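A.B. asks: What follows is a protein structure lacking sequence information:
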């Protein structure tokens, strides 16, 4: 099936792009495994304009409903490859190959893994990369959060409301998150911060049973009994499959210009998977809007149509 625009990714950038594309009457398909992306699993969002506080899944659902209202179609799945043949883009998923006249890359970032023994084997059996998704399964249990940035601190605070005991483990001498978050953690009776501790192994057979730790300074070894492990050490762009198709920077981010155009004509990039500064929901949404409008102008020129001018643009 052929579309005028295929958006890869259903996070804030992709969802906003689909709304704007629909308003420009583009036949649009959104391919994404999880509606909302990282936004969709955020427990609370306090910096979305107009909402003092809103759950991530609620905001994602509202965006998707608005996109559907404007005609966007959605399919769930991962994109395996993207190629171009005679000016048409071929988007291959596990089950289907779709054709598009233009593409927006808006698939966000992927959680980083620890890369230690037992981690891969115990994913879904006590190892998690999303506290708000899996936290309720560990009510009245003992859990560990690995990391020292804002995401790790926020996950620890959230889990402290569910778990009996929370260990926040960092290999550094101190936490790197915002001072306000660090201060709020110090007031939690059931949270213990373990600094200078390196995770060597996640212990368990059928489920997580504990952690093997080594002191980053002394090298002393110890084991810590836990029921769950939440890995919160940041995210990276999963763009290896695009190498050679569009230009990437040294961090693997998709390089775009100020109008979101990539190095390949007809392919645009938006949100956290690109080199745009500040990885924030509102910025990703803005970039998504820009990418849809840019795609619309590209398609109009390609097909010999006159594009509807933007507000403030000379007619």
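C.D. replies: Nice, thanks for sending it over. Everything quoted here is computed from the prediction, not taken from an experiment.
A.B. asks: Against which helices or strands is the host helix or strand of residue 293 packed?
C.D. replies: In the assignment (DSSP states H and E), residue 293 maps to helix 281-302. Counting contacts by 3 or more C-beta pairs under 8 Å, 6 or more residues apart in numbering; DSSP states H and E, helix 281-302 packs against strand 2-8, helix 12-23, strand 97-105, strand 267-269. From N, CA and C alone the C-beta is placed, and that goes for glycine too.
A.B. asks: Turn the ones you listed into CSV, including distance to residue 117.
C.D. replies: Shown next, in CSV, are these (distance: least, C-beta to C-beta, whole Å):
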stretch, distance to residue 117
strand 2-8, 33
helix 12-23, 35
strand 97-105, 34
strand 267-269, 36
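A.B. asks: got a markdown table for the ones you listed, with mean pLDDT too?
C.D. replies: Below are the helices and strands packed on helix 281-302 laid out as a markdown table (pLDDT from 0 to 100):
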| stretch | mean pLDDT |
| --- | --- |
| strand 2-8 | 98 |
| helix 12-23 | 98 |
| strand 97-105 | 98 |
| strand 267-269 | 98 |
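A.B. asks: looking at the ones you listed, which is closest to residue 276?
C.D. replies: Of all the helices and strands packed on helix 281-302, it is strand 267-269 that lies closest to residue 276, at 8.3 Å by C-beta to C-beta.
A.B. asks: picking that back up, in the helix holding residue 293, what's buried?
C.D. replies: 281, 283-299 (16 or more other C-beta atoms under 10 Å).
A.B. asks: Give me the angle between that helix and strand 97-105.
C.D. replies: 120 degrees (axes from the mean of the first three to the mean of the last three C-alpha atoms, to 10 degrees).
A.B. asks: which sections of this structure are below the confidence cut-off?
C.D. replies: Counting by pLDDT under 70, the chain has low-confidence residues at 314-315.
A.B. asks: Domains in it, by residue range?
C.D. replies: 2-109+237-302, 127-231 (automatic domain parsing).
A.B. asks: CSV please, covering these and showing distance to residue 119.
C.D. replies: Shown next, in CSV, are the domains of the chain (distance: least, C-beta to C-beta, whole Å):
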stretch, distance to residue 119
domain 2-109+237-302, 17
domain 127-231, 5
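A.B. asks: how far does stretch 142-158 sit from the chain's center?
C.D. replies: Remark: stretch 142-158 is offset 17 Å from the chain centroid, using C-alpha atoms, centre = their mean, to the nearest Å.
A.B. asks: Residues contacting that stretch, please?
C.D. replies: With C-beta atoms under 8 Å, 6 or more residues apart in numbering as the test, stretch 142-158 has contacts from 43, 114, 131-132, 135, 159, 163-170, 172, 174-178, 181-182, 184-185, 188, 191, 199, 211, 224-234.
A.B. asks: Same check on stretch 62-77?
C.D. replies: Contacts for stretch 62-77 (C-beta under 8 Å, 6+ apart): 3, 10, 12, 15-16, 18-19, 21-23, 25, 27-33, 35-36, 93-96.
A.B. asks: how long is that stretch end to end?
C.D. replies: Chord length of stretch 62-77, first to last residue, is 20 Å (C-alpha to C-alpha, to the nearest Å).
A.B. asks: tell me which residues of it are tucked away?
C.D. replies: For stretch 62-77, by 16+ other C-beta under 10 Å, it's 63-64, 66-67, 70, 72-74.
A.B. asks: and which of these is nearest to residue 48?
C.D. replies: Out of those, the member with the shortest distance to residue 48 (by C-beta to C-beta) is residue 63, at 10.6 Å.
A.B. asks: quick check, distance from the host helix or strand of the closest one to the centre of its chain.
C.D. replies: With secondary structure defined by DSSP H and E, residue 63 is part of helix 56-69. Taking C-alpha atoms, centre = their mean, one finds helix 56-69 lying 16 Å from the centre of the chain it belongs to.
A.B. asks: for stretch 35-54, same thing?
C.D. replies: With C-alpha atoms, centre = their mean as the basis, stretch 35-54 stands 13 Å off its chain's centre.
A.B. asks: first vs last residue of it, how far apart are they?
C.D. replies: 16 Å.
A.B. asks: same deal with stretch 110-128?
C.D. replies: Span of stretch 110-128 from end to end, C-alpha to C-alpha: 13 Å.
A.B. asks: Buried residues of that stretch, list them for me.
C.D. replies: 111, 114, 116, 118-119, 122, 126-128.
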